[in-house]
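**Student:** Dropping a prediction and its sequence here:
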Amino acid sequence: MSLLEVKNLRVSFNTPDGVVNAVRGLSFELNKGKTLAIVGESGSGKSVSTQTITGLTRGAKVTGEAYFDGVDLLTADASYLRKVRGSQIGMIFQDPLSSLHPYYRVGWQIVEMIRAHESVSKQAARDRAIELLNLVGIPRADTRIDDFPHQFSGGMRQRVMIAMAMSLSPSLLIADEPTTALDVTVQAQVLGVMRTMQEQFGTAIILITHDLGVVAQMTDDVVVMYAGAAMETASRREIFYNQHHPYTEGLLQSLPTQGETSRLTPISGTPPSLISLPPGCPFEPRCRYAFDKCREETPPLREVFADPDHHSACWLSTDQDERVRVREESYARDEATA
Amino acid sequence: MNADNPKAETLREDVEHAERVPTTGESAGARTVAAVPAKKIEGRSPWALAWDRLRRDKVAMISLLIIVLIALMAIFAPVFTAWTGHPPNEQYHSTGLTLNGLPKPPSSTFYLGTDDLGRDVLVRIAYGARISLLVGVVATLITVAIGVVVGLAAGFLGGLVDTALARLIDVVLSVPFLLVAIALVSITGPSLTVTILVIGFFSWASVARIVRGQVLSLREREFVEAARSLGAGSSRIMFVDILPNVLAQVIVYTTLLIPVVIVVQATLSFLGLGLPPPTADWGGMISEGQAYYRVAWWFVLFPSVALVITTLAFNLFGDGVRDAFDPRTDQLLNK
Amino acid sequence: MTNPATTPAATSTGDPLLKLEDVRKLFPVHSSSLTNRDRDFVHAVDGVDLEVRPGETLGLVGETGCGKSTLARCIARLYDVTSGKITFDGRDVTNLSRKQMRPIRREVQMIFQDPYGSLNPRRRVGSIIGDPFSIHGIGSRQERKRRVQELMEVVGLNPEHYNRFPAEFSGGQRQRIGVARALALRPKMLICDEPVSALDVSIQAQVINLLLDLQSEFGLTYVFISHDLSVVRHVSDRVAVMYLGKVVETADVDELFETTRHPYTKSLLSALPVPDPDIADSRQRIILAGDVPSPIKPPSGCRFHTRCPKARPDCVKVVPPLEPVLGDPQTHRAACLHPLEVGEDMSRSTPQIDDTETVVQLREEGAK
């Protein structure tokens, strides 16, 4: 059975400018101990969806289902959600400083976190906190536990956040752009720590990121989001080497590749407004393959390449050879005109 | 910038959705899309956007209507005289006072009753509005003008200028305003000019402090750096780049300062430091009326109501202006 | 850049367009003591020598706090340097006054990281892009408008959007506005300070392409600052890697990536996430310990020794000069006492310095 199953999640916000459809029918599944990456650009709804699942979006209209350990989190009451957050779902965010209280020692914050969910003695909780800080690689954890958040560097703070999120050995860790604010060398450390923790506790991870490099090294499965909906879901290798959706393809094409120094191949245009989406496929206006049907009808997420784990919301042929042929023809035309 | 900020995203994406122009910088794969339809492309300024939001704010619009009505009442105060036949300072000893020499209650002759000297309260309220609004607006403008100049100079020039001005601000803010006002008026005697100057002199410091703070943060913004890298001089940066960004705050502060000043003016009048009699003004009327509150409730009530309505309207309008310039939903979503 | 039109210029041995000699920029730290005697300084840029030749792109990489943005602002003369010499186009511009700088400002322009912060939100785009003309008093009103619209066209904006406000554009379009403004005076050199870091991947590629096109069209010279090695590799002819205010390695781009000499460069390359699962799964990763030390009290000797897997006792004492090592050409310099051999596996190295020694050294430094 899957640990988390999200079905047809929809989130919208009322704003003075109209209704913003931030998430439009998102479904995905995550098994125990696995890592799922949700990839997308700004405004794709990747953060909003997990925030909604954990009950952290306010003032939004939410429909759909999100079963965590068999309980629908979207209909669960606030006290149950509070209990689940922290004890069964740990969370880390892009900016660790804003999630740590500046006026309390980090040790105190971890101890309080543990004692809020479990009845253990202060000393036991403290010992556990030190052990966790050691685990996430904070040197001299037994003394640093009494430091304040500002006395830690960015990378160290993110480690403290991970320690705190893992303090009750949750079965799911939601990491929302955990390394975006960090330098590459520190990012490598933090990603390493996340892996260690996963091995240690068997935690499943939802990794929200815009960085395809991080996705390539961290995950099992990938959901590619665009304009509030999943464009493609597949295993990591399928996404990188055998993608079906033109948006996934475009994202990968946009990246500077090693050793290649010609012009890049960006996706033209900009993402659509979430207030007034195009009638058909949301990616149609920027898509190099778009045809009439794309403008009229929104493609559903359907199985492609005869692979039950690979889904794509695109009207292009689901046959692998045909898809490859279409692609090669399109790029050949580009070459010819250039 | 938060990666997933639905509000901010849509605000700007909205625009692009309508425009989608082929650009030279884009890939060879870029589809050619027809150029923009023939609609006039005039950007909506932040001011226009704020006005739009303000217009949709019912409370603010009702407040504005009330303010306009009060302003009309002040401007056309003589109409009230014509309508009732009572000049503001005319004392009706026979018709306007009871046999015991007390004020008369509201009646068909005196709609809002009379005061202790037999004058028409309604007409005097209308004339009193002139004083309140005049002092409120003029003193506020003086305050804001001084405050903006000092705040800009202190924040932008920094260094010694800033230190000196910041200390000056502290000094002015720590002077007990009312005591000095009382002392000053007792020397010069009460007059409109003195009232305005006293208020202006003691209020600019708080404006200056706000502006200085704003400028200090604006000064570090990249667009100021960009202007510098283009070779722009200090005065250009101050007036072209920084001032327009402070202005929204200043406007908000101004609308919220006017009611404060009106109340301060009324307070001074109440304490007998306002305008020399027989000029009608609300503070003075309340002061005189309070002695009669047991026998002539209208005498103290109606000027008070006028004062409260006016200041409330300004305050609510000011709140609306603030929200219009700085919508809280934005703040909420931007964290 | 690999553009045929510009490459010859880049490799020709003409005079450099920009030359930095031992440039230092220290920022005083506000200390609680009232006396200036024991004031601390942030050593943001600490003795940088660099040359940029006409038509080339010099990539400047490093992590937060390495001083790359400060260096950019020193070059653009937004900051006065503490010491050292900056020569632009044969002229010493180190200590020019604001007035004397004016003609040079036309030649060196800057593109900023934050497409939201670098445009004044209360002004129309037309007037923002026209700023350089009005500041330098060029052209009539009509003339300016025409040239602004031309510029908008050049960077791929709709000239009809002349009267719009920055808020009405997306991040990528705003960065184009910034580029148009920087181009207005036909500068020789553009300093791009993380120009694509705040943009989404698909938009990033658009802006990088634009910058490449403009370079070949106008023969621009770029100083391109980024923390993203893959972007730097894509756009640069030469790269300088900075760490704690110093350049630790500089070389032609391919040389740097293929014959990496400095352990820090190697770790940066190794930490870079590669968007390719096979490579990501198979490659050896060197994960550096700890964080970048404080630039207020930088480590003694080689500044990287506190994190370097190859650190030896002499690294703590000797400041390594930036020079060709192991028979490299003059164009490839590394500041390292124990540079990496080609094919050396750094992940097997362990530092051979006594921790206590480092600490003692640091204390002595602090006591001075």
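**Tutor:** Thanks, I have the structure now. Being a predicted model, the structure only gives us computed values, none of them experimental.
**Student:** Whichever helix in chain B runs longest vs chain C: in contact?
**Tutor:** Scanning chain B for the longest helix, with DSSP state H as the assignment, gives helix B:121-157. No: on the criterion CB under 8 Å from any CB of the partner chain, helix B:121-157 is out of touch with chain C, staying 14.7 Å away. Bear in mind the C-beta positions are built from the backbone N, C-alpha and C, glycine included.
**Student:** got the contact list for the very next helix or strand once past that helix?
**Tutor:** Note on helix B:121-157: by DSSP states H and E, the next helix or strand toward the C-terminus is helix B:159-174. With contacts defined as CB atoms under 8 Å, 6 or more residues apart in numbering or on different chains, helix B:159-174 is touched by B:V150, B:A153, B:A154, B:G155, B:F201, B:F202, B:W204, B:A205, B:S206, B:A208, B:R209, B:R212.
**Student:** What is the neighbour count of A:A332?
**Tutor:** Neighbour count of A:A332, defined by other CB atoms under 10 Å in any protein chain shown: 10.
**Student:** quick one: the one helix or strand it maps to near chain C?
**Tutor:** Using DSSP H and E, A:A332 falls within helix A:320-337. No: using CB under 8 Å from any CB, helix A:320-337 never reaches chain C; the gap is at least 13.6 Å.
**Student:** quick one: that helix to chain centroid distance?
**Tutor:** Distance of helix A:320-337 from the chain centroid (CA atoms, centre = their mean, to the nearest Å) equals 31 Å.
**Student:** buried ones in that helix?
**Tutor:** Within helix A:320-337, the residues scored as buried using 16 or more other CB atoms under 10 Å in any protein chain shown are A:R323, A:R327.
**Student:** before we move on, what about stretch C:60-70?
**Tutor:** For stretch C:60-70, a neighbour-count test (16+ other CB under 10 Å) marks C:L60, C:V61, C:G62, C:E63, C:G65, C:C66, C:G67, C:K68, C:S69, C:T70 as buried.
**Student:** Ramachandran coordinates for the first one?
**Tutor:** Meaning C:L60. When read as degrees, to the nearest 10, the backbone of C:L60 gives phi -120, psi 110.
**Student:** And it, how close does it get to chain A?
**Tutor:** Counting by CB to the nearest CB, to the nearest Å, the separation of C:L60 from chain A is 15 Å.
**Student:** where's that residue relative to chain B, distance?
**Tutor:** Taking CB to the nearest CB, one finds C:L60 at 17 Å from chain B.
**Student:** where do the helices sit along the chain?
**Tutor:** Using chain A. A:46-53, A:78-87, A:96-99, A:106-117, A:122-135, A:141-144, A:154-166, A:184-201, A:212-218, A:236-241, A:246-254, A:292-296, A:320-337.
**Student:** wait, chain C
**Tutor:** Using DSSP H, helices in chain C cover C:7-11, C:68-75, C:98-105, C:125-135, C:141-154, C:171-183, C:201-218, C:229-235, C:253-258, C:263-271, C:277-282, C:313-317, C:355-367.
**Student:** looking at these, which is buried most?
**Tutor:** helix C:171-183 (a mean of 26; mean count of other CB atoms under 10 Å in any protein chain shown).
**Student:** Could you pull up phi and psi at the nearest residue to C:I128 once chain neighbours are set aside?
**Tutor:** Spatial nearest neighbour of C:I128, excluding adjacent residues (CB to CB, 6 or more residues apart in numbering or on different chains): C:L119 at 5.7 Å. Phi and psi for C:L119, reported as degrees, to the nearest 10, are phi -120, psi 130.
**Student:** before we move on, what about the one 4 residues further on?
**Tutor:** The phi and psi values for C:R123, taken as degrees, to the nearest 10, are phi -120, psi 150.
**Student:** need the contact list for it.
**Tutor:** So C:R123 contacts B:V240, B:D241, B:P244, C:F165, C:P166 (CB under 8 Å, 6+ apart).
**Student:** Between those residues, which sits nearest C:Y264?
**Tutor:** C:P166 (37.9 Å; CB to CB).
**Student:** Burial check on that closest one, number of neighbours?
**Tutor:** Other residues close to C:P166 by other CB under 10 Å number 24.
**Student:** need the contact list for it.
**Tutor:** C:Y116, C:L119, C:N120, C:P121, C:R123, C:V125, C:I128, C:R174, C:I177.
**Student:** Settle this for me: the second one is touching C:R174, isn't it.
**Tutor:** Yes: the pair C:L119 and C:R174 passes the contact test of CB atoms under 8 Å, sitting 5.8 Å apart.
**Student:** Over in the stretch 251-368 of chain C, which residue gets nearest chain A? Let me know.
**Tutor:** C:P273 (2.8 Å; CB to the nearest CB).
**Student:** who touches that residue in this structure?
**Tutor:** Contacts of C:P273 by CB under 8 Å, 6+ apart are A:V184, A:Q187, A:A188, A:L191, A:D211, A:G213, A:V214, A:A216, A:Q217, C:A280.
**Student:** 10 Å instead?
**Tutor:** Residues in contact with C:P273 (CB atoms under 10 Å, 6 or more residues apart in numbering or on different chains) are A:179, A:184, A:187-188, A:191, A:209, A:211-218, C:230, C:279-280, C:285.
**Student:** So which of the helices of chain A is nearest chain B?
**Tutor:** helix A:46-53 (3.7 Å).
**Student:** Do any residues in the closest one lie close to chain C?
**Tutor:** No: Helix A:46-53 lies out of reach of chain C by CB under 10 Å from any CB of the partner chain, never closer than 12.0 Å.
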